[in-house]
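Trainee: Structure for this input, please:
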Amino acid sequence: MAKRILWLVLRLLVVAGLMIFVISRSDMSAVPDIGRQLVDHWGWALAALGVMIFQSPVGAIRWRMLLKVQGIEITFFESLRLTYIGWFFNNCMPGSVGGDFVKAYYLANQTHRKAEAVTVVFLDRLIGLVAMCMLGAVAIAVSLHDQRVRTAQILVAVFLTGSVVGAAVFYSRRLRRFLRIDRLLAALPMADTIAKVEQAVFVYRWHKGKVAAAVAYSWLTQGLSVLAVWWLATGLGSQASWHQYFVNMPVIWIAWSLIPVPGGFGVVEFLAQALFSAGVLDGTEATMSVSEAATMALAMILAYRVVQMIVSAPGGVLYLARRTGVSPTHMREAMETGPSDA
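Mentor: Coordinates of the predicted model:
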């Protein structure tokens with residue numbers, strides 16, 4: 001318990017430190033004026049809200065498809081319910097309990113297959129990140145000579161290359177034998193648990209069509225998210241090109257997913273200010289100051305968070321409608337004990 005509290009305090013300190021830095025770079029007195037600009041151009045905000053509404057239904061289809069590979073059958077509406085609940089916890093209640101753990105708990109409780117439940121939930125997220133980077137790769141091809149997004153181009157390329165190499169090693173029996181992967185995994189703590197998760201992931205080697213379809217659905221959901229950010233930023237006055245959003249946003253979402261701070265707070269805002277510089281947001285005008293760009297980048301992320309909260313709100317209703325006696329914290333603890341079958 002003491003270690004868990006210490007870990008939470010450390011994460012909150014990181015959030016506080018980054019947010020203080022982000023705010024220090026921004027002109028907070030200008031935020032209301034920027035917000036009013038989005039209100040005046042409400043069509044951009046409405047369009048962003050409109051495309052984000054489709055994320056959960058498409059995500060539910062993708063998740064249900066991945067579950068079928070594991071032999072887990074749930075209805076579309078149950079998949080949609082759990083997707084909304086997970087999204088609600090991620091976006092509206094960022095804290096020590098992520099939506100992925102809540103989704104995994106409900107699924108494991110229904111199917112009594114904890115290993116597969118945990119595996120599919122987190123594999124679903126990984127596929128989304130890889131698909132996002134694939135979209136970023138297309139944008140990189142368009143913006144190859146754009147020095148303003150060079151850092152993001154490199155990071156997207158590194159993550160995508162690492163994912164491809166990692167998948168090749170994991171699914172290749174020859175490479176596994178050559179690198180002695182199985183022997184290494186057997187020597188790790190919780191080897192039995194790791195073996196069950198590994199077996200669940202390895203099943204997808206024989207379902208390449210399903211994986212390809214899941215990637216295609218991810219292109220749709222991630223593309224909608226980038227469109228939402230682009231349109232919100234345009235409503236705020238940004239002059240950045242579409243490809244700059246498709247290159248920069250994958251980096252932000254990778255950090256959002258992989259850096260363990262509540263809701264990605266601080267990390268997301270810091271990266272937005274770093275990647276969406278004055279040169280990016282001002283287009284070819286080159287009249288925006290560093291402070292103005294930092295403020296607009298912060299407003300862009302805050303507006304996106306508000307849209308996320310609005311479209312995630314049904315998940316709160318669905319959670320309360322079928323709430324169990326188990327708290328979200330205990331759900332996470334149940335999943336962290338090791339994904340053995342219930």
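
Trainee: Can you show me the helices along the stretch 201-342 of the chain?
Mentor: Counting by DSSP state H, counting those that start in this stretch, the stretch 201-342 of the chain has these helices, from start to end: 208-236, 242-258, 267-275, 278-281, 290-321, 328-336.

Trainee: What residues sit buried inside the last one?
Mentor: Spelled out, that is helix 328-336. 328, 331-332, 334-335 (16 or more other C-beta atoms under 10 Å). Glycine gets a C-beta too; all of them are placed from N, C-alpha and C.

Trainee: and the closest residue to residue 223 other than its chain neighbours, what pLDDT?
Mentor: Spatial nearest neighbour of residue 223, excluding adjacent residues (C-beta to C-beta, 6 or more residues apart in numbering): residue 135 at 6.2 Å. If you check residue 135, the pLDDT there is 91.

Trainee: Quick one: residues contacting residue 135.
Mentor: 219, 222-223, 226, 246, 250 (C-beta atoms under 8 Å, 6 or more residues apart in numbering).

Trainee: Now do the residue nearest to residue 250 when sequence neighbours are not counted against residue 222, distance only.
Mentor: Distance criterion C-beta to C-beta, 6+ apart; nearest residue to residue 250, sequence neighbours excluded, is residue 136 at 4.1 Å. Remark: distance between residue 136 and residue 222 (C-beta to C-beta, to the nearest Å) = 9 Å.

Trainee: between those two, who's got more neighbours?
Mentor: residue 136 (31 against 24; other C-beta atoms under 10 Å).

Trainee: so how far is residue 31 from the spatially closest residue to residue 237 that is not a sequence neighbour?
Mentor: Nearest non-adjacent residue to residue 237, counting by C-beta to C-beta, 6+ apart: residue 37, 5.7 Å away. Residue 37 is 11 Å from residue 31, where distance means C-beta to C-beta.

Trainee: what's the answer for residue 250, then?
Mentor: 26 Å.

Trainee: Looking at the two, which one has more neighbours?
Mentor: residue 250 (28 against 16).

Trainee: do you know how far that one is from residue 194?
Mentor: For residue 250, the distance to residue 194 - C-beta to C-beta - is 28 Å.

Trainee: same question, residue 275
Mentor: Residue 275 is 35 Å from residue 194, by C-beta to C-beta.

Trainee: Neighbour count: these two, which is higher?
Mentor: A side-by-side neighbour count of residue 275 and residue 194, using other C-beta under 10 Å, places residue 275 first with 21 against 15.

Trainee: Tell me how far that one lies from residue 52.
Mentor: Distance, residue 275 to residue 52, by C-beta to C-beta: 21 Å.

Trainee: which stretches of the stretch 1-150 of the chain form strands?
Mentor: Read by DSSP state E, counting those that start in this stretch, the stretch 1-150 of the chain holds no strands at all.

Trainee: which intervals of it have sub-threshold pLDDT?
Mentor: In the predicted model of the stretch 1-150 of the chain, residues 1, 94-97 satisfy pLDDT under 70.
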